[in-house]
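**Q** Fold the stuff below for me.
(chains A and B)
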There are 2 protein chains.
Amino acid sequence: MVPRVVYGKGSFDQLGDILMPHRKNADAPCIFLVDDVFEGTDLISRIPLIFNDQLIFISAEEEPKTVQVDVLVSKIRNDFTEPPSGIIGIGGGTLLDLAKAVAIMLNNPGTSCAYQGWDLVRKPSLYHVGIPTISGTGAEVSRTTVLLGPEKKLGINSDYTIFDQVIMDPELTKGVPKEQWFYTGMDCFIHCIESLNGTYLNAFSQSYGEKALALCKEVYLQDIDASESREKLMMASWHGGMSIAYSQVGVAHAMSYGLSYLLGVRHGLGNCLVFQHLNEFYPDGVALFHKMLKRHNITLPKGITAKLTDSDFDTMITVSLGMVPLWENALGTDWMKIMTPEKLKSIYQKI
Amino acid sequence: MVPRVVYGKGSFDQLGDILMPHRKNADAPCIFLVDDVFEGTDLISRIPLIFNDQLIFISAEEEPKTVQVDVLVSKIRNDFTEPPSGIIGIGGGTLLDLAKAVAIMLNNPGTSCAYQGWDLVRKPSLYHVGIPTISGTGAEVSRTTVLLGPEKKLGINSDYTIFDQVIMDPELTKGVPKEQWFYTGMDCFIHCIESLNGTYLNAFSQSYGEKALALCKEVYLQDIDASESREKLMMASWHGGMSIAYSQVGVAHAMSYGLSYLLGVRHGLGNCLVFQHLNEFYPDGVALFHKMLKRHNITLPKGITAKLTDSDFDTMITVSLGMVPLWENALGTDWMKIMTPEKLKSIYQKI
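**A** A predicted model of the protein is given here:
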């Protein structure tokens, strides 16, 4: 679990004080990885840059990649004579995952794709701080950083992945475009459905999952004011992330990974595209999802897989079926009998 | 927040594996502080004692004291040539609080009563692990260790108080006597009511407090099976503790501290004795509490303060009014106008 968490409107302004005791010396910078949508905004002037700190703007248009991590790590190693004092990620899931991965790779040898999997990281990561500016992914609390690698989309899952510090300031999520707000929030909603209906469920994840689900329903199905809605969605993301940290996600995530790997579809949208067709596995959740879509006038894109070749489908199926813990959680140890390649293809074809 | 948490039936048996990487060498023992109700039980044989590890049985009949902490620290320093590898507390709130305090004081100079207050601890504590065997206090997750000192009952509140590792094994709470189960669980229930009705409340503590309250209602007002009930109460304690960690407790705790200081009344019972008379401050919570008392045939002791002198009342009032953050949370910054010494005395007299 994240050992230090600050929550509250305006809490972003505590960042300078929080970083100070972690600054090793004037030559060991803090590196701020920031979503480039914030370039030129007021938020940037509030980042506590001192000494030789570096601010790197990164686009979150595409899913985070292992090569991107490796390039960032090389750049940081080249730019400074000393290892940084800390890595601070400011943004949505993409930026948070990049910050986690860079913090790991600055202290571990080789390329990041070698660590995609479970518990492959050997050395503690560099001090790293996560500051979410979109709610839903749970990246602020999870022990994974999900990356597109040369061979797979898969997380670096380890105890060292977890942020040392998180700052949750609901004001930072003002101004998120509506569709992104919806798709990213649905990532959380789908986490809850997958966790609560999974075979890995225990009372710990259940209590977090139930709370996150209740908050999602308030945010997406009730009339609450914008400020309260931002706060509740931020907490939903947190609790949803905690829930899957102690259980696992399921069918939608396993399939959405294949979609993202092949087509680069953004994670939140990918989950939605898959989840709409999972009535067979999550009937109540899918019904709620359609209510939410309707209430917020969201029309999901269609025909995404219409022009794919058989070989494309095979690629998606291979990536997806590789997510063994997700399938086991969703369908039990006999999952392979239920989710055959043919079955998987038939669902992908609907998207 | 607690950085490492394991949850699950039977998870106690992971303790040996969890401690291993923290063992500095064969001369640096793990010290197990264990509630003496477990003496001679099967649980003791499952404690992974190796090298020169020490097992210390401690009675939880009385509230934990600063002198007790100081004696334990002296004993450990005398018994071993090297500082221990870790302190492991196994028991209810008393044992968990003692383990936290001993871990702090082994790395900090002076006597423990000098650290009662907020953020007075300067050096990180020794590695310490909490294993709750009764649910409700939230001691497993909180950043405080509440001790009876020579001058006050007050917590050592600090970031270093928090356990490095918690193991939550709901099976360990089998066999807790009914009244203790009730009073300790009510500590959690009262945490929720105080947190959710406090002025310090934010969306973070609210979401935790709401979930803990919902779980308390399931456990104490619904028919669920014993195993499920143990799991839910363990999670209620956890979430309730998280809720107050990010807000504060209120009137019942402030008053119960005075009662415990003067009379040594156990914390859970003390909260109940006070809370039953707080209808004015927490009407819905007090109504629910009376339902729970009735459903479980619990009769609270009466006449506790009947024979006290004016000077005794003054002592309780002084201790209680000293809990400034609790009063501020409960009644706002003008709390002194509402909770006068006379008012406080009139409530104490009812107990």
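**Q** can you list contacts of stretch A:67-83?
**A** Stretch A:67-83 has contacts (C-beta atoms under 8 Å, 6 or more residues apart in numbering or on different chains) with A:24-25, A:27-29, A:31, A:33, A:52, A:54, A:56, A:58, A:84, A:98, A:101-102, A:105-107, A:111-112, A:126, A:147, A:150. All C-beta spots, glycine's among them, are computed from the backbone N, C-alpha and C.
**Q** Can you point out the buried residues in that stretch?
**A** Buried residues in stretch A:67-83, counted by 16 or more other C-beta atoms under 10 Å in any protein chain shown: A:68-70, A:72-73, A:76.
**Q** Redo the residues you listed as CSV? Include secondary structure and pLDDT.
**A** CSV is the format used below for the buried residues of stretch A:67-83 (DSSP: H, G, I helix; E, B strand; the rest coil; pLDDT from 0 to 100):
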residue, secondary structure, pLDDT
A:68, helix, 97
A:69, helix, 98
A:70, helix, 98
A:72, helix, 98
A:73, helix, 98
A:76, helix, 97
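**Q** buried subset of the contacts of stretch A:67-83?
**A** For the contacts of stretch A:67-83, a burial check counting by 16+ other C-beta under 10 Å picks out A:28-29, A:31, A:33, A:56, A:58, A:84, A:98, A:101-102, A:105-106, A:112, A:126, A:147.
**Q** Now intersect those with the strands, please.
**A** Per DSSP state E, strands hold the following members of the buried ones among the contacts of stretch A:67-83: A:31, A:33, A:56, A:58, A:147.
**Q** Would you mind confirming that the last one is in contact with residue A:115?
**A** No: assessed by C-beta atoms under 8 Å, residue A:147 is found out of contact with residue A:115, at 9.1 Å.
**Q** any shared contact partners between the two?
**A** Joint contacts of residue A:147 and residue A:115 (C-beta under 8 Å, 6+ apart) are residue A:156.
**Q** near chain B, which residues of the stretch 51-200 of chain A show up?
**A** Residues of the stretch 51-200 of chain A lying near chain B by C-beta under 8 Å from any C-beta of the partner chain: A:159, A:162, A:168, A:170.
**Q** List buried residues within the residues you listed.
**A** Using 16+ other C-beta under 10 Å, the buried ones in these are A:162, A:168, A:170.
**Q** returning to what we had before: residue A:312: which of the buried residues of stretch A:67-83 is nearest?
**A** The nearest member of the buried residues of stretch A:67-83 to residue A:312, counting by C-beta to C-beta, is residue A:68 at 23.5 Å.
**Q** how far out from the middle of the chain is stretch A:289-300?
**A** Mean-position distance between stretch A:289-300 and its chain equals 22 Å (C-alpha atoms, centre = their mean, to the nearest Å).
**Q** So which bits of it are buried?
**A** Buried residues in stretch A:289-300, defined by neighbour count with 16+ other C-beta under 10 Å: A:289, A:292-293.
**Q** Tell me the residue of the stretch 251-351 of chain A that sits nearest chain B?
**A** Here the stretch 251-351 of chain A gets closest to chain B at one residue, residue A:329, 15.1 Å apart by C-beta to the nearest C-beta.
**Q** Would you confirm that that residue contacts residue A:197?
**A** No: Residue A:329 is beyond contact range of residue A:197, at 9.1 Å (criterion: C-beta under 8 Å).
**Q** Which neighbours do the two have in common?
**A** What both residue A:329 and residue A:197 touch, as defined by C-beta under 8 Å, 6+ apart, is the set residue A:250.
**Q** How is chain A divided into domains?
**A** Chain A breaks down into these domains under automatic domain parsing: A:4-173, A:178-348.
**Q** The ones you listed: which one's closest to residue B:155?
**A** The minimum distance between residue B:155 and the domains of chain A falls on domain A:4-173, with 19.0 Å, by C-beta to C-beta.
**Q** Extract the residue ranges of the stretch 51-200 of chain A that are flagged as low pLDDT.
**A** Of all residues in the stretch 51-200 of chain A, none has pLDDT under 70.
**Q** so where do the strands sit in it?
**A** Remark: strands assigned in the stretch 51-200 of chain A by DSSP state E, counting those that start in this stretch are A:54-58, A:86-91, A:117-118, A:128-132, A:146-148, A:153-157, A:165-168.
**Q** And for the fifth one, what's in contact with it?
**A** The set of residues external to strand A:146-148 that reach it, using C-beta under 8 Å, 6+ apart, is A:63-66, A:69, A:93, A:97, A:101, A:112-113, A:116, A:153-156, A:260-261, A:264, A:267.
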